[in-house]
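1. what follows is a protein structure lacking sequence information:
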Ligand SMILES: NC(=O)C1=CN([C@@H]2O[C@H](COP(=O)(O)OP(=O)(O)OC[C@H]3O[C@@H](n4cnc5c(N)ncnc54)[C@H](O)[C@@H]3O)[C@@H](O)[C@H]2O)C=CC1
Ligand SMILES: O=C(CO)COP(=O)(O)O
């Protein structure tokens, strides 16, 4: 990892700051907008950051005929993905990705995971060489050679260091400043991790750092699949005990999968905000749970794509595609029997099994089959 320039390494409180870190947020959805609010409140307060925060917006035209970017810059509000919340006057929306990132010293990636490969390709050669990155994205890509976490995709494609930030963070709750916690996962450089903590931490958003990028990121990614299972349970009115059982089994599979993938993953990570706390909040109040509940109430007759479009108005589910990606990994490695919950979630999502199978798999273990999705 390239060290940042010495002039940047000045502690808070010093009179003169030679260089201030410029921050760009890549993404402007529901969580991306809340992240911009958190960051923008801190860059105004802390000397080591440039006040202005750039936010790349995937441009779209609103029903009023106006461009989303223009509305954000005129009203200081993301009227589509986070209505009713002021982001901070120092947030500047930019529809031009390359322009938004070119001067950044710190890049915050927060888009739905399926768009990241394309975004990284566009950014090759367009960013500063010593930029630091962090991913708030919960998801993974699967390649012929195996799974690739989003932070790894960013690091490998752009040749930069990438931390992660995950946690029990339903964006709409943090937007109205309800107390929550989050976990930064870092690889080696504790000072860089500390800078990310500084950038995000507020009185109502308490951030701590652990040296376990893969553990933190896998927690955030895999809990979305368990939340789909919890939604099925809710959709069939199976009650709290069943839901708790599904969450417990899900946590066991999350931990087993993470440790099989990366022996470095720490047990303690599962007790951080990114672990059990995120699992709980997403299974209680997340979008994955909500849409999976509707899927089960409709007996699996309406597709996730249709329900997502109708219920989330442009926001994106991560759990269904993650279940698919996970299934591919289980296929690649012959691990289906080790992960019956993960396997069953995907088979329900694609209509191969009914939603009720979520509590039947232990009696009828699914046979590994070629994925048709
Ligand atoms: N919303 C939440 O409560 C939380 C979300 N996350 C994670 O943050 C990540 C981003 O989620 P959100 O900010 O909630 O996004 P979102 O679910 O609100 O997604 C919509 C975003 O995707 C953009 N988009 C649509 N098509 C695109 C394309 N072709 N290329 C690029 N962007 C496109 C939209 O413009 C919009 O900004 C996800 O991985 C999610 O799991 C993490 C914690 C909390
Ligand atoms: O990751 C989240 C909370 O930490 C949000 O989960 P959903 O995408 O299911 O809303």
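-> Sure thing, it's come through. Since we're looking at a predicted model, the values are computed, not measured. Numbering: from 1, shown residues only. Ligands and ions are numbered 1, 2, ... in the order given.
2. find the nearest non-adjacent residue to the closest residue to ligand 1 within the stretch 201-350 of the chain, please.
-> Using C-beta to the nearest ligand atom, the closest approach of the stretch 201-350 of the chain to ligand 1 is made by residue 315 at 3.5 Å. C-beta coordinates here come from the backbone N, C-alpha and C atoms, glycine included. Leaving aside its chain neighbours, residue 315 sits nearest to residue 30 (5.4 Å; criterion: C-beta to C-beta, 6 or more residues apart in numbering).
3. the one you found: neighbour count?
-> For residue 30, the count of nearby residues is 22 (other C-beta atoms under 10 Å).
4. tell me which element residue 246 falls in.
-> helix 240-261 (DSSP states H and E).
5. close to ligand 2, is that helix?
-> No: against ligand 2, helix 240-261 shows no contacts by C-beta under 6 Å from any ligand atom, the least distance being 13.4 Å.
6. let me see the mean pLDDT of that helix.
-> Across helix 240-261, the average pLDDT comes to 97.
7. distance of whatever residue of the chain ends up closest to ligand 1 from residue 328?
-> Proximity of the chain to ligand 1 (C-beta to the nearest ligand atom) peaks at residue 29, 2.3 Å away. Distance check for residue 29 against residue 328: by C-beta to C-beta, to the nearest Å, it reads 25 Å.
8. repeat that for residue 123.
-> 26 Å.
9. now do the buried residues in stretch 96-111.
-> 97, 100, 101, 104, 105, 106, 107, 108, 109, 110, 111 (16 or more other C-beta atoms under 10 Å).
10. in helices only, show me the residues you listed.
-> Using DSSP state H to define helices, the subset of those located there is 97, 100, 101.
11. how about the residues of the stretch 201-350 of the chain that lie near ligand 1?
-> So the stretch 201-350 of the chain meets ligand 1 at 314, 315, 316, 318 (C-beta under 6 Å from any ligand atom).
12. for the last one, phi and psi?
-> Here the main-chain torsion angles of residue 318 (degrees, to the nearest 10) amount to phi -110, psi -20.
13. which ones are touching it?
-> Contact analysis of residue 318 by C-beta atoms under 8 Å, 6 or more residues apart in numbering lists 112, 113, 138, 139, 221, 224, 288.
14. same thing but 10 Å
-> By C-beta atoms under 10 Å, 6 or more residues apart in numbering, the contact set of residue 318 is 112-114, 137-140, 220-221, 223-225, 227-228, 282, 286-288, 325.
15. what subset of those residues is buried?
-> Buried among these by 16+ other C-beta under 10 Å: 112-113, 137-140, 220-221, 223-225, 227-228, 282, 286-288, 325.
16. contacts with ligand 2 among the residues you listed, please.
-> When contact is defined as C-beta under 6 Å from any ligand atom, these meet ligand 2 at 138, 224, 227, 282, 286, 287, 288.
17. Serialize these to TSV and add fields for pLDDT.
-> Shown next, in TSV, are these (pLDDT from 0 to 100):
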residue	pLDDT
138	97
224	98
227	98
282	98
286	98
287	98
288	98
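18. which helices and strands does the longest strand along the chain pack with?
-> Taking DSSP state E as the criterion, the chain has its longest strand at strand 49-56. On a contact count with 3 or more C-beta pairs under 10 Å, 6 or more residues apart in numbering; DSSP states H and E, strand 49-56 meets strand 21-26, helix 30-45, helix 68-75, strand 91-94, helix 97-101, strand 106-109, helix 190-200.
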